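Engineer: sequence and predicted structure below; questions after.
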Amino acid sequence: MPPFINPAFQAMLDKAKAKAVEANEIRDKAVEENRVLTGEEALKLKGIYTESSELADNARDLIAIEEKANAPEYKHPAGDGDPDFKTSSPEGQLTSEEEMTEIMSKLAVAKDSYLRTGSHDEIRKFKADHEGKVEVKLLSRLTDPAGGYLCGTDESATIIRKRDIVDFIRPRCKQSKTTDPKKLIIALEDTLTISMIGEGGTYPEYTGMVAGAMYLTPHKGGGFVKITDEQLEDSKINMVGLITEMYGTAIGKKQLEQWIDGTGTKEPMGVLRSIPAALNHDIATGTSGTIIPEDIQDFTMLLESQYLTPGCAWVMSTATMIQIVSLRSNADGAQTGTFLWEPSFKAGIPNMLQGYPVIRVPDAYWPTISADGDPLLAFGDWLQYEICDRTGFRIKRMNEKYADEGKVGFRVESRWDGKLVDANAFIRLNRT
């Protein structure tokens, strides 16, 4: 049986497909008549594809997140959240499922009490009452000396799901975790050269290969959530759920921006800033960023063949995508051949370009494209970009910071880093 798809998400895909049918009629008519699109047709085509692509992308992301969250043996991605609470009786027997449910329910009440009142009394009481049921080591991690607490697996799962709806690049990358201040990666700065050697011959010395040390150093990211005193007094509001959902969305937006264009100073180094100058290519037309079919058709061949792996994908802004959706090959005359853009409106299948998937990034998260040298798009192997998470999310209540506004602040934070391990795995197309 095909997997169940939320009807609301399927409706988004159906609407995107319906819009695409309209766009395909415009495309097919021009192909049949062996002519270039008129200005009006090209403008209409771009508008339709922009709307339908956004609908389809959003639906696919939501479907993927829901499937992951509802999987029978769902596990958090590496580096996220804290370990599950281990339960045992003094005799070493595991607690019953009902008893575990009761324990976790009381823990949720204790956390909610801390967020509402700023008091750790309920958390201390929980520790005292369940010392024999919940492993002491993990109990000691429930609160920290600064007055907050580390999110447990339930809160972490909420943050992860909300984050991954926005940060759709992360699943394509290599992910790791660390409990140390930094993680060491050994990177080779050259390739091994093989020489033919006769019987009894001497192996030639090769000094070109250098092993360099690269570190992933998790940087702290966080922010404030402000809640009114009236909201705190309303027992119907799930405080933990509210804050973790807000943080999950916010952290996803921040990380998406950093994987693309992070500076490497107090934040990850993004892909666009990691590509060597020799692998940055200017478009051939010299018309202030106008892309022509040859720029796309020949571009993937500029990447060395060993990097053309299943991990490869294009990444571009919506503005660049709008240019590309109406491009056609010149096989039968200028702009009269087949269309290069291959739209998709099925769950799990992205839009394609030259046989590789496309990651479309909202313009708000892409660097500006206003001057020569600004990036229009990039292409490469995303498995060569590694993301490292420092285990744990943290929430701390700030009682006085917004007292004059009649609000209480909640500081949320976590740590992460990201680097392109092999800079030769990506190429970039620039405006000129």
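Structural biologist: Looks like it arrived, so ask away. The structure presented is a predicted model; accordingly, all values stated were derived computationally and were not measured.
Engineer: which residues of the stretch 51-200 of the chain fall in strands?
Structural biologist: Along the stretch 51-200 of the chain, counting by DSSP state E, counting those that start in this stretch, strands occupy 148-150, 174-178, 183-188.
Engineer: now swap in the stretch 301-432 of the chain and tell me
Structural biologist: Remark: strands assigned in the stretch 301-432 of the chain by DSSP E, counting those that start in this stretch are 312-317, 341-342, 352-353, 356-361, 375-381, 385-398, 407-420, 426-430.
Engineer: who does the helix or strand harbouring L43 touch, helix- and strand-wise?
Structural biologist: Taking DSSP states H and E as the criterion, the element that holds L43 is helix 39-70. Helices and strands in packing contact with helix 39-70 are listed as helix 7-32, helix 153-166, helix 318-324, strand 356-361; criterion 3 or more CB pairs under 8 Å, 6 or more residues apart in numbering; DSSP states H and E. C-beta here means a position set from N, CA and C on the backbone, and glycine is covered the same way.
Engineer: which residue of this protein lies farthest from its centroid?
Structural biologist: Of all residues in the chain, G200 sits farthest from the chain's C-alpha centroid, using CA atoms, centre = their mean; the distance is 53.5 Å.
Engineer: how distant is stretch 356-367 from the center of its chain?
Structural biologist: Offset of stretch 356-367 from its chain centre (CA atoms, centre = their mean, to the nearest Å): 11 Å.
Engineer: ok, back up a step: buried set for the helix holding L43?
Structural biologist: Judged by neighbour count (16 or more other CB atoms under 10 Å), helix 39-70 contains these buried residues: 41-42, 44-46, 48-50, 52-68.
Engineer: residues contacting A313?
Structural biologist: Taking CB atoms under 8 Å, 6 or more residues apart in numbering as the criterion, A313 is in contact with 172, 350, 356-359, 379-380, 382.
Engineer: which helix or which strand is home to the residue nearest to T158 when sequence neighbours are not counted?
Structural biologist: In this structure, T158 finds its nearest non-sequential neighbour in T244, 4.4 Å apart by CB to CB, 6 or more residues apart in numbering. With secondary structure defined by DSSP H and E, T244 is part of helix 239-261.
Engineer: what is that helix packed up against?
Structural biologist: Using 3+ CB pairs under 8 Å, 6+ apart as the contact criterion, the secondary-structure elements in contact with helix 239-261 are helix 97-117, helix 153-166, strand 219-228, helix 271-274, strand 385-398, strand 407-420.
Engineer: so the residue nearest to T158 versus V109, what's the distance?
Structural biologist: In this structure, T244 lies at 16 Å from V109, with CB to CB, to the nearest Å as the measure.
Engineer: looking at the two, which one has more neighbours?
Structural biologist: It is T244, of T244 and V109, that has more neighbours when counted by other CB atoms under 10 Å, with 25 against 13.
Engineer: returning to that earlier point: now the helix holding T244, how far from the chain's geometric center?
Structural biologist: In this view, helix 239-261 has its centroid 10 Å away from the chain centroid, taken as CA atoms, centre = their mean.
Engineer: now the angle from it to helix 153-166?
Structural biologist: Taking axes from the mean of the first three to the mean of the last three CA atoms, to 10 degrees, one finds that helix 239-261 is oriented at 40 degrees with respect to helix 153-166.
Engineer: as a whole number, average confidence for helix 239-261?
Structural biologist: For helix 239-261, the mean per-residue pLDDT is 88.
Engineer: buried sites along that helix?
Structural biologist: 239-240, 243-252, 254-261.
Engineer: which non-adjacent residue is nearest F379?
Structural biologist: W314 (5.1 Å).
Engineer: give me the number of residues near that neighbour?
Structural biologist: By the criterion of other CB under 10 Å, W314 has 25 neighbours.
Engineer: what's the weakest-modelled helix or strand in this structure?
Structural biologist: Across the helices and strands of the chain, mean pLDDT, DSSP states H and E gives its lowest value to helix 136-139, namely a mean of 40.
Engineer: got a list of what the residue nearest to F379 touches?
Structural biologist: Under the criterion of CB under 8 Å, 6+ apart, the contact list for W314 reads 353, 356-359, 377-379.
Engineer: quick check: D295 touching L429?
Structural biologist: Yes. With contact defined as CB atoms under 8 Å, D295 and L429 form a contacting pair (6.5 Å).
Engineer: between these two, tell me which one has more neighbours.
Structural biologist: L429 (23 against 20).
Engineer: so how many other residues sit close to V21?
Structural biologist: Using other CB under 10 Å, V21 is surrounded by 11 other residues.
Engineer: repeat for the one 4 residues further on
Structural biologist: One way to gauge burial is a neighbour count; for E25, by other CB under 10 Å, it gives 10.
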